[in-house]
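Chemist: Predicted structure and sequence below. I'll ask about it afterward.
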Amino acid sequence: MQKLNIKTILFSALLCVICAMIAFFVALNQQKKIGVVDAVKLFDQYNMKIELEGIAKTKLLSESKQVDSVGNALRMSTVVNDSGGKAKRLEYAYTYLKKKFEDDYAQSNRDINEKVWKRLNPLLDEFGKKKGLHLIIGANGMGSVLYNDSYYDQTNEAIKFINEKYSEGN
């Protein structure tokens with residue numbers, strides 16, 4: 001009776017080892033799909049980003065014109081003898097407007113980047129699932145991916161996907 005239990009235990013253990021080896025080899029040989037997306041190109045060609053930049057450009061262009069106008073007035077007042085302190089007031093206004101423009105420009109870029117990536121990340125997840133990819137690597141020209149064969153490049157398909165989703169309102 002003990003021999004029967006030992007044989008049963010050994011047979012069960014051997015069967016478990018064989019099943020584990022089979023599972024290991026199946027997992028090892030299973031093809032994992034990888035895609036590479038040029039993150040800079042994807043970001044730059046996303047219609048939402050292009051639209052947001054257009055809106056910001058209109059506002060920033062108006063501010064830039066104000067800075068230029070005050071700068072021109074300041075240059076003109078320094079050429080003419082200024083005894084009333086107009087040049088000092090213009091210099092102050094110019095400095096203030098220029099700093100405000102620079103701050104607004106930087107904030108605009110930060111806002112656009114945040115809004116776009118907040119929208120892009122879930123869309124890239126959806127794209128990867130739809131394409132059956134197990135991993136999407138972002139190439140950005142900054143050294144994260146030094147080379148990839150065109151076989152793995154999913155950039156154009158990803159751009160098409162995200163822009164279709166954006167035009168649908170997603």
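Modeler: Ah, there it is. None of these values were measured; they are calculated from a predicted model.
Chemist: what stretches of this structure score poorly on pLDDT?
Modeler: 1-17, 19-32, 78-84, 141-144, 146, 170 (pLDDT under 70).
Chemist: Give me the most central residue, it.
Modeler: residue 117 (4.8 Å; C-alpha atoms, centre = their mean).
Chemist: what's the spacing between that residue and residue 145?
Modeler: Noted for residue 117: a distance of 18 Å to residue 145, by C-beta to C-beta, to the nearest Å. Glycine gets a C-beta too; all of them are placed from N, C-alpha and C.
Chemist: where's the residue nearest to the centre of the chain, which helix or strand?
Modeler: Assigned by DSSP states H and E, residue 117 belongs to helix 86-131.
Chemist: what packs against that helix?
Modeler: If you count contacts as 3 or more C-beta pairs under 8 Å, 6 or more residues apart in numbering; DSSP states H and E, helix 86-131 packs onto strand 34-38, helix 39-44, helix 47-79, strand 135-139, helix 155-167.
Chemist: any idea how far the last one is from the chain center?
Modeler: A distance of 14 Å separates the C-alpha centroid of helix 155-167 from that of its chain, computed with C-alpha atoms, centre = their mean, to the nearest Å.
Chemist: swap in the second one?
Modeler: Between the mean C-alpha location of helix 39-44 and the chain-wide mean there is a distance of 7 Å, by C-alpha atoms, centre = their mean.
Chemist: hang on, the earlier thing: highest mean neighbour count out of the helices and strands packed on helix 86-131?
Modeler: Highest mean neighbour count among the helices and strands packed on helix 86-131 (mean count of other C-beta atoms under 10 Å): strand 34-38, with a mean of 21.
Chemist: re earlier: could you find the closest non-adjacent residue to the residue nearest to the centre of the chain?
Modeler: Distances taken as C-beta to C-beta, 6 or more residues apart in numbering place residue 43 nearest to residue 117, at 7.8 Å, with adjacent residues excluded.
Chemist: separation between residue 77 and residue 63?
Modeler: Using C-beta to C-beta, residue 77 is found at 21 Å from residue 63.
Chemist: same thing with residue 147?
Modeler: For residue 147, the distance to residue 63 (C-beta to C-beta) stands at 43 Å.
Chemist: what's the answer for residue 134, then?
Modeler: For residue 134 relative to residue 63 (C-beta to C-beta), the value is 47 Å.
Chemist: coming back round to it: was I right to think the residue nearest to residue 117 contacts residue 116?
Modeler: Yes. Between residue 43 and residue 116 there is a contact at 6.5 Å, judged by C-beta atoms under 8 Å.
Chemist: Can you work out which residues contact both of these two?
Modeler: Here residue 43 and residue 116 have residue 49 as joint contacts, going by C-beta atoms under 8 Å, 6 or more residues apart in numbering.
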